[in-house]
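S.K.: Let's see this in three dimensions:
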Amino acid sequence: MVPNKFAMGSKKQNSHIRVGLIVATIGLLLVGARVSIAGYGCPVYFRMLPWIESLRIEASRVVPVGVRPDWGGTRWSQSQACSSIIPVISLTREEVVQLRPDLQAILDPENKTFEQEFNQQPVECKSHNEFVYFGISFYGGEGYFGIGGLGRYDPGTKTLEVRRPELLRDVSISKLEHDGEALWIATMYEGEGFSDPVYGLARYDWKQDKLSHYVGTNDGPCGFWVNDLRYHEGYLWVATDLGVSKYDKTAGQWEHFVLSNNANSELTRTTCEDLYKHLLNSLPDTQMDPKDGACPLPSLGAWTPRNTFRAYLKRFRPNLMESDIDLKKQARINHELKSLRYAQDAISRGDIEAAYRLIEDRFITEHSEVRDKTYQFLEQYPEIYTGALQTFSIESITESINTYGESARDLEYQRLSIYRIIAPANDYTKALRNFEKVFGEVD
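M.R.: Have a look, this model is predicted:
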């Protein structure tokens, strides 16, 4: 399926849903790699992902490599290789302002350091027919700035053509492949101690001068950070932070893989939906202190690996939050199941009444999985029946009135209705009598 499409310079995006039907089991196949990002990086988070750093072709097959090499040295050598092929690309101060009006303030004519601070490097030179295609990368930290884009050079005629689609002007291209019809590019922004995948994987049709990407759709590679690209025998292979994805250009379909738990670089098929589910359930939801350096990763709520992943998911795959996966529902289920763990801690402290209060709402939850586990918990800890009855003592009901005022009756009656479901008949009768002593008879 093709990605979102728009004319060059347009920022309007079209959304659609494509939910895969392939069933796969992730289990323990996700292998964390030793990774970091530009500058100081955030390896605390990235080490927890099924990161694939690069791809190589061996014996006519594509082999993924999980461990990240020295990225800075790799990018510099690519840049130098392109600089030796591509003529110098120059822009005047006025041209820079025209392409990026946001730079007007720092490009005042009195600024004498424009030539030193402005930077752009041709990277990822790839030959196709008579042309050499390349991306443009720049560093945007420590006062430096640049203009992104892509280009092609004809060594025979010495003709250089550079294009600056609006969406690429403030981002860099880190990887590029030509599939015989169009260019596939990896986008990113690189600042001081900070990087961002921006649009992830994008496609540029040189003939039609159109750029497209997958942000806001349920299509494309599973991952958000694109680390490497290889086009081989009709397939585009994409190494990402979330495994490897393969695009069948003829069929217009994607397949997705993670590294198997062995040393042979073997791949196990999965789906984006299963992969996202697994990470939402397995990534830690506890606050982490990224002492490794600057770490301005996005997050929904407190900075935790799970919240960071949710932030990327919301940005790149917002439709999935309401799709058949129902990620929000899963998050609520996980939250409700935490109550059972807290109740177990309360029992270990001897606070049986607190244990019951933690789980009483779980008997009527809409999530059958939670209800079943709550009843199993009750069978495992029958002493909770005693704690439950204690919550309907005159003293407890009076405390509720002091806390909630006029709404206490409705709250206690709701609790009583729940208690009726699980309590022995004699215990429920005792609870009902106490309720009626305080609030009057129940109709």
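
S.K.: where in this structure is pLDDT low?
M.R.: Scanning the chain with the threshold set as pLDDT under 70 gives 1-42, 67-81, 108-116, 193-194, 262-265, 288-296, 321-328.

S.K.: What's the biggest helix in it, counting residues?
M.R.: Ordering each helix of the chain by length in residues (DSSP state H) puts helix 327-348 first.

S.K.: which other helices and strands contact that one?
M.R.: If contacts are counted by 3 or more CB pairs under 8 Å, 6 or more residues apart in numbering; DSSP states H and E, helix 327-348 sits against helix 272-282, helix 352-359, helix 368-380. Quick note: C-beta positions are derived from backbone N, CA and C, even for glycine.

S.K.: Contact partners for the residue nearest in space to the middle of the chain?
M.R.: Nearest to the mean C-alpha position of the chain, by CA atoms, centre = their mean, lies Y312 at 3.1 Å. Shown in contact with Y312 (CB atoms under 8 Å, 6 or more residues apart in numbering): F224, P298.

S.K.: Same question for P64.
M.R.: Listed by CB under 8 Å, 6+ apart, the contact set of P64 reads I52, S54, L55, A239, V244, F257, L259, S265, L267.

S.K.: The last one is in contact with N261, isn't it?
M.R.: No: using CB atoms under 8 Å, L267 is not in contact with N261, being 11.5 Å away.

S.K.: Comparing the two, which residue is more hemmed in?
M.R.: L267 (20 against 12; other CB atoms under 10 Å).

S.K.: returning to what we had before: part of a strand, is the residue nearest to the centre of the chain?
M.R.: No: read with DSSP: H, G, I helix; E, B strand; the rest coil, Y312 is helix and lies in no strand.

S.K.: Secondary structure class of W51, three-state.
M.R.: Applying three-state DSSP: W51 is coil.

S.K.: A431 and I422 touch, don't they?
M.R.: No: with contact defined as CB under 8 Å, A431 and I422 do not form a contacting pair (11.4 Å).

S.K.: Of those two, which one has the most company?
M.R.: A431 (23 against 18).

S.K.: where do the strands sit along the stretch 101-250 of the chain?
M.R.: 121-128, 131-137, 149-154, 159-163, 172-178, 183-191, 194-196, 201-205, 210-213, 226-232, 235-240, 243-248 (DSSP state E, counting those that start in this stretch).

S.K.: Reformat the ones you listed as a markdown table; add mean neighbour count and distance to E94.
M.R.: Formatted as a markdown table, these follow (neighbours: other CB atoms under 10 Å; distance: least, CB to CB, whole Å):
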| stretch | mean neighbour count | distance to E94 |
| --- | --- | --- |
| strand 121-128 | 21 | 22 |
| strand 131-137 | 24 | 19 |
| strand 149-154 | 21 | 17 |
| strand 159-163 | 14 | 16 |
| strand 172-178 | 23 | 23 |
| strand 183-191 | 22 | 24 |
| strand 194-196 | 20 | 28 |
| strand 201-205 | 22 | 26 |
| strand 210-213 | 22 | 25 |
| strand 226-232 | 21 | 33 |
| strand 235-240 | 23 | 38 |
| strand 243-248 | 22 | 40 |
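
S.K.: wait, which of those is closest to G405?
M.R.: Closest to G405 of the strands of the stretch 101-250 of the chain, according to CB to CB: strand 194-196, at 49.3 Å.

S.K.: Tell me, how many residues neighbour K277?
M.R.: Using other CB under 10 Å, K277 has 16 other residues around it.

S.K.: if we can go back for a sec, how about CSV for the contacts of P64, with distance to R349 added?
M.R.: Output for these, formatted as CSV (distance: CB to CB, whole Å):
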residue, distance to R349
I52, 46
S54, 51
L55, 53
A239, 49
V244, 48
F257, 47
L259, 43
S265, 49
L267, 48
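
S.K.: closest to P305 among the residues you listed?
M.R.: Nearest member of these to P305, counting by CB to CB, is I52, at 18.4 Å.

S.K.: which residue packs closest to the closest one, ignoring adjacent ones?
M.R.: Excluding its sequence neighbours, the residue lying closest to I52 (CB to CB, 6 or more residues apart in numbering) is A239, at 4.1 Å.

S.K.: close enough to count as contact, the one you found and E53?
M.R.: Yes: using CB under 8 Å, A239 is in contact with E53, at 6.6 Å.

S.K.: what residues do these two have in common as contacts?
M.R.: Listed contacts common to A239 and E53 are V65, N227, D228; contacts here mean CB under 8 Å, 6+ apart.

S.K.: Next one: the second one from S396, what distance?
M.R.: When distance is defined by CB to CB, to the nearest Å, N227 is 58 Å away from S396.

S.K.: Check the last one too.
M.R.: With distances defined as CB to CB, the gap from D228 to S396 amounts to 62 Å.

S.K.: The residue lying closest to T250 once chain neighbours are set aside: neighbouring residues, count only.
M.R.: Spatially, and ignoring its direct neighbours in sequence, T250 is nearest to G234 (6.2 Å; CB to CB, 6+ apart). Neighbour count for G234, taken as other CB under 10 Å: 12.

S.K.: quick one, phi/psi of G234?
M.R.: Dihedral pair for G234: phi 90, psi 0, per degrees, to the nearest 10.

S.K.: tell me the contacts of it?
M.R.: G234 makes contact with D248, K249, T250, according to CB under 8 Å, 6+ apart.

S.K.: closest to C125 among these?
M.R.: Closest approach to C125 among these (CB to CB): K249, at 22.0 Å.

S.K.: That closest one: what's it in contact with?
M.R.: K249 touches D179, G234, Y235, L236, counting by CB under 8 Å, 6+ apart.

S.K.: before we move on, back to that, which residues are in contact with both of L267 and N261?
M.R.: By CB under 8 Å, 6+ apart, no residue touches both L267 and N261.

S.K.: The residue nearest to F138 when sequence neighbours are not counted and Y356, how far apart?
M.R.: Spatially, and ignoring its direct neighbours in sequence, F138 is nearest to G146 (2.5 Å; CB to CB, 6+ apart). Distance of G146 to Y356, given as CB to CB: 62 Å.
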